[in-house]
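A.B. asks: just a sequence and a predicted model for now, questions to come.
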Amino acid sequence: MNPIPPSPSVNRRSFLAASGAAAASVTFTAKSYAAIVGANDRIKIGFIGVGGMGSGHVGACKSLKEKDNLEFLGVADCWKTRADQAAATLGTKAFTDYRAVLDIKEIDYVTIATPEHWHSKMTTDAMDAGKAVYCEKPMTHSIPQAQAVMKKQRETKRPLQVGVQAMSDDSYASAAKAIANGVLGQVVQAQIEYVRRYDKQGPWRNPETTDDTPKPADLNWDAWLGHAPKIAWNPHHYFEWRNYGVYSGGIATDLFIHRITRIMKACTLLYPRRVTGMGGIWQWPDGRDLPDNFEMICEYPRGMTVYVLGTMSNRVGVDHLIRGYRGTMHFTADGWEARDKDGKLLDKHKKSGGEDIHLHHTNLHNHLRNGEPLNCPVELGMAGVVAVNMANESWRTSQMMGWDSKNEKMVPAHTLNLSHVPETPAEA
């Protein structure tokens, strides 16, 4: 829990501007970043990691090739077969070392879709190589890594889009404006979920993977491990890595990050004051070291709590709500509605966009060409990493975690003199 020296601090006001929640009052120009491409120039992309999610990026960018004027200049994966297949799909070159893609000077941005433990290293290396980045969620595996990425982004000015694709649904930016205008009155609580019901194999297990599954002959296992502890080939760690804390944060970082980020954008939240994570390995004690059922509660300095439910044993969820003194905002498939205690409609929004990888890439393309605000920039990515890591640490240590804002790190909450009243309205 000892972080790198704190990156330039982010207060809530600058976060609003950076996240796009206050986009109406913030002007982004082509001079915002040194990596902006010409308005009519072809955007050249490289791909790092082309497994499950990575193949989604390959397919999305291929479908956008003509519309968004794209060119593909390289694919890297430590499993050569995967790299070759993706390269053939895109008509480009394949590599087994991601640094070979970063060495291609013409590339404008790279996608990073690898296990979480590689995100920070690849992202900072890409920025050092002069590339913009689309990095899958969570932005990083740990809080110190997120701080390092934010520090590097500030130094290099390379654009970074974090892969929380729901941020390309305008419902949450619209909700932020409505809440800021007082539609709900004082906001006090929000709830949201990510629930699933897995079959007998349990979360993120592949029934075809066994203890005896051999290592593919053309997979560089040591390269995949990277800075993780060196161990002999383990098919469960490779094919089912989301079950192990050395590579992933499990439910919190793979699923909750999608949900908590929505509430953060809608309520213009930054770092939580206190977080509790609860759950356990209740149904599938199969060697995993991350919970199969989990929930978290975050308390924020503005004076509100956020509850996130995450059972993997039952798919019945809870309504996605933001509760205020004047009314309640209900998120629906079409957008949102705000109603008072008697059910009277206060305001509503019909969404445009959606949780769509194509829209998320196009947003980055528009940012590179004309400075359109990023839907999920580094500040929002950092805020999400802090919340879900605090929840996981609370679960691991059986104690409530607090955010030490002075030293920018998580610590046991009882070691801090935390206030129990909201921040002043100017910073709430």
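C.D. replies: Sure, I can see it.

A.B. asks: W241 contacts G249, doesn't it?
C.D. replies: No. Judged on Cβ atoms under 8 Å, W241 makes no contact with G249 at a distance of 11.3 Å. Glycine gets a C-beta too; all of them are placed from N, C-alpha and C.

A.B. asks: just say helix, strand or coil for the residue at the greatest distance from the centre of the chain.
C.D. replies: Of all residues in the chain, the one whose C-alpha sits farthest from the chain's mean C-alpha position, using Cα atoms, centre = their mean, is D342 at 36.4 Å. Secondary structure assignment for D342 (DSSP: H, G, I helix; E, B strand; the rest coil): coil.

A.B. asks: do a quick rundown of the helices in the stretch 301-428 of the chain.
C.D. replies: Along the stretch 301-428 of the chain, counting by DSSP state H, counting those that start in this stretch, helices occupy 357-370, 378-397.

A.B. asks: helices or strands up against the first one?
C.D. replies: Just to be clear, that refers to helix 357-370. Applying 3 or more Cβ pairs under 8 Å, 6 or more residues apart in numbering; DSSP states H and E, one finds that helix 357-370 contacts strand 43-48, helix 52-63, strand 132-136, strand 160-163.

A.B. asks: domain parsing for the protein?
C.D. replies: Here the chain is described, according to automatic domain parsing, as comprising the domains 12-168, 171-200+248-354+378-427.

A.B. asks: output those as JSON lines; include the columns mean pLDDT and distance to L219.
C.D. replies: Formatted as JSON lines, the domains of the chain follow (pLDDT from 0 to 100; distance: least, Cβ to Cβ, whole Å):
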{"stretch": "domain 12-168", "mean pLDDT": "88", "distance to L219": "4"}
{"stretch": "domain 171-200+248-354+378-427", "mean pLDDT": "96", "distance to L219": "19"}
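
A.B. asks: returning to what we had before: out of the helices of the stretch 301-428 of the chain, which is closest to G279?
C.D. replies: Set against G279 and scored by Cβ to Cβ, the helices of the stretch 301-428 of the chain come closest in helix 378-397, at 6.3 Å.

A.B. asks: tell me which other helices or strands that closest one touches.
C.D. replies: Helices and strands touching helix 378-397, by 3+ Cβ pairs under 8 Å, 6+ apart, are helix 12-19, helix 143-156, strand 160-163, helix 257-267, strand 274-280, strand 293-300, strand 401-404, strand 409-412.

A.B. asks: if you skip the residues just before and after it, what's nearest to M296?
C.D. replies: Setting aside the residues directly before and after it, M296 is nearest to A391 in space (Cβ to Cβ, 6 or more residues apart in numbering), at 3.8 Å.

A.B. asks: tell me how far F95 lies from I104.
C.D. replies: 9 Å (Cβ to Cβ, to the nearest Å).

A.B. asks: out of these two, which sits in the more crowded spot?
C.D. replies: A count of neighbours by other Cβ atoms under 10 Å puts F95 above the other of F95 and I104, at 22 against 17.

A.B. asks: which phi and psi does that one have?
C.D. replies: Here is the backbone geometry of F95 (degrees, to the nearest 10): phi -140, psi 160.

A.B. asks: leaving out the residues flanking it, which one is nearest to it?
C.D. replies: Ranked by Cβ to Cβ, 6+ apart and with sequence neighbours excluded, the top spatial neighbour of F95 is A76, at 4.4 Å.

A.B. asks: from E408, how far out is the residue nearest to M296?
C.D. replies: Remark: distance between A391 and E408 (Cβ to Cβ) = 18 Å.

A.B. asks: who has more neighbours out of the two?
C.D. replies: A391 (30 against 19).

A.B. asks: quick one: contacts for the more buried one?
C.D. replies: Under the criterion of Cβ atoms under 8 Å, 6 or more residues apart in numbering, the contact list for A391 reads 252, 256, 275-277, 294, 296, 298, 401.

A.B. asks: out of these, which is nearest to P285?
C.D. replies: When those are ranked by distance to P285 (Cβ to Cβ), F294 comes first, at 14.9 Å.

A.B. asks: the closest residue in space to the closest one that isn't next to it in sequence and P207: what is the separation?
C.D. replies: The shortest distance from F294 to any residue that is not its chain neighbour, by Cβ to Cβ, 6+ apart, is 3.6 Å, and that residue is G279. Distance from G279 to P207, counting by Cβ to Cβ: 24 Å.
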